[in-house]
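Colleague: model the following, please.
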Amino acid sequence: MADVDEQVHEVVELVRRERGLTLALVGRFAKGDEGAYEVTGPDGARLVLKWLPWGREARHAEEHVEPALARLRAAGCPIPRQVAAGRVGELWFELQEYVAGSPVEHVDGVTLEQLIAVVDHERGAGSRTGGDWWDLVLGGLVEDRSPLCRPSALVGCEPPVAELLSRLRTSAAAAPLPERTPDDLVHFDFGPANVLVDGGRVTAVLDWQSCRTGDASYDLMTVDWDLAAWPKAEPGVRDRLAEEILRTTDRGAPAVYAAHCVLRNLTWASGTEWSEHVVTTGHEFLDRWAGA
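Modeller: Next comes the predicted model:
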């Protein structure tokens, strides 16, 4: 278990006082769902506790995320069951069932096909509000449109970052914009770190708070980025993944998604020891998807 945020004690007490649920803290998960804690419920069952400050993101989770995940669960997608959720004080909390497994550290052909199957579950599971999808991914290259992709963090950046930033924007602007308005559910942060496996079987997909309506194939692109930046795939796996991305997207979309993936990781790495690595990988990634 990782170090404990002292706020967790406040959350546990709020849940007890306002929801009548007595939870016992076990500890914070070192890997997997970021900011998640293992607790036990009144009956001793193992549960996962998460929370957000009450605000726009929390309202999105309450009003849009859980209804969308309920549709995916019903279709057989491996998403932990929600036990309880709601506002307590100035926070929004969620309790999920505990699912055995560890984050994916090696991707072979069998694991990849399971990841593709998760994305297949997302197709057609949107809320018919995908009209802003292309504005989100293209507009997000120049303005902060998501907490996961913040171009403002790169203002005044070093020349190598600025060069890559200019290149990815040019690449995306040159791509033909698909006319189709997608109506899938997009995890938007899909990758091995948010997937649990146990005995070679995917047992859970975690960390859905950023999900939205759009093109599910974007989630395949984030997996490809992860495998490019942090190699963990067997030979041939990325070839199969590229084949699936090209099969399920309209022309132009892969180049835009690749640019967006590079940018979001540039903003993540800004000012850290990983910046040079992300710049190098970013150029290679844009080369891979140029003209697609």
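Colleague: who's in contact with the helix or strand hosting residue 68?
Modeller: Secondary structure from DSSP states H and E places residue 68 in helix 66-74. Contacts to helix 66-74, defined as CB atoms under 8 Å, 6 or more residues apart in numbering, come from residues 79, 81-82, 85, 121-122, 125-127, 185, 208, 211. Quick note: C-beta positions are derived from backbone N, CA and C, even for glycine.
Colleague: now the residue nearest the centre of the chain. Nearest residue, chain neighbours left out?
Modeller: Taking CA atoms, centre = their mean, the centroid of the chain lies closest to residue 189, which sits 1.4 Å from it. Leaving out its chain neighbours, the residue that sits closest to residue 189 by CB to CB, 6 or more residues apart in numbering is residue 210, at 5.3 Å.
Colleague: could you check how far the one you found is from residue 219?
Modeller: Plainly put, residue 210 is 11 Å away from residue 219 if you go by CB to CB, to the nearest Å.
Colleague: same deal with residue 63?
Modeller: Remark: distance between residue 63 and residue 219 (CB to CB) = 22 Å.
Colleague: the closest residue to residue 58 other than its chain neighbours in helix, strand or coil?
Modeller: Sequence neighbours aside, residue 92 is the residue nearest to residue 58 in space, at 3.6 Å (criterion: CB to CB, 6+ apart). For residue 92, the secondary structure call by DSSP: H, G, I helix; E, B strand; the rest coil comes out as strand.
Colleague: what ranges does this protein have for its helices?
Modeller: 7-19, 56-60, 66-74, 109-122, 133-139, 159-174, 217-229, 237-248, 253-269, 275-289 (DSSP state H).
Colleague: export those as JSON lines, with columns for mean neighbour count.
Modeller: As requested, these are exported to JSON lines (neighbours: other CB atoms under 10 Å):
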{"stretch": "helix 7-19", "mean neighbour count": "16"}
{"stretch": "helix 56-60", "mean neighbour count": "15"}
{"stretch": "helix 66-74", "mean neighbour count": "15"}
{"stretch": "helix 109-122", "mean neighbour count": "18"}
{"stretch": "helix 133-139", "mean neighbour count": "18"}
{"stretch": "helix 159-174", "mean neighbour count": "16"}
{"stretch": "helix 217-229", "mean neighbour count": "23"}
{"stretch": "helix 237-248", "mean neighbour count": "16"}
{"stretch": "helix 253-269", "mean neighbour count": "24"}
{"stretch": "helix 275-289", "mean neighbour count": "18"}
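Colleague: to residue 42, which of the ones you listed lies closest?
Modeller: Proximity to residue 42 (CB to CB) singles out helix 7-19 among the helices of the chain, at 9.9 Å.
Colleague: which elements pack onto that closest one?
Modeller: Packing contacts for helix 7-19, counted by 3 or more CB pairs under 8 Å, 6 or more residues apart in numbering; DSSP states H and E, involve strand 24-28, strand 46-53, strand 82-88, strand 91-97.
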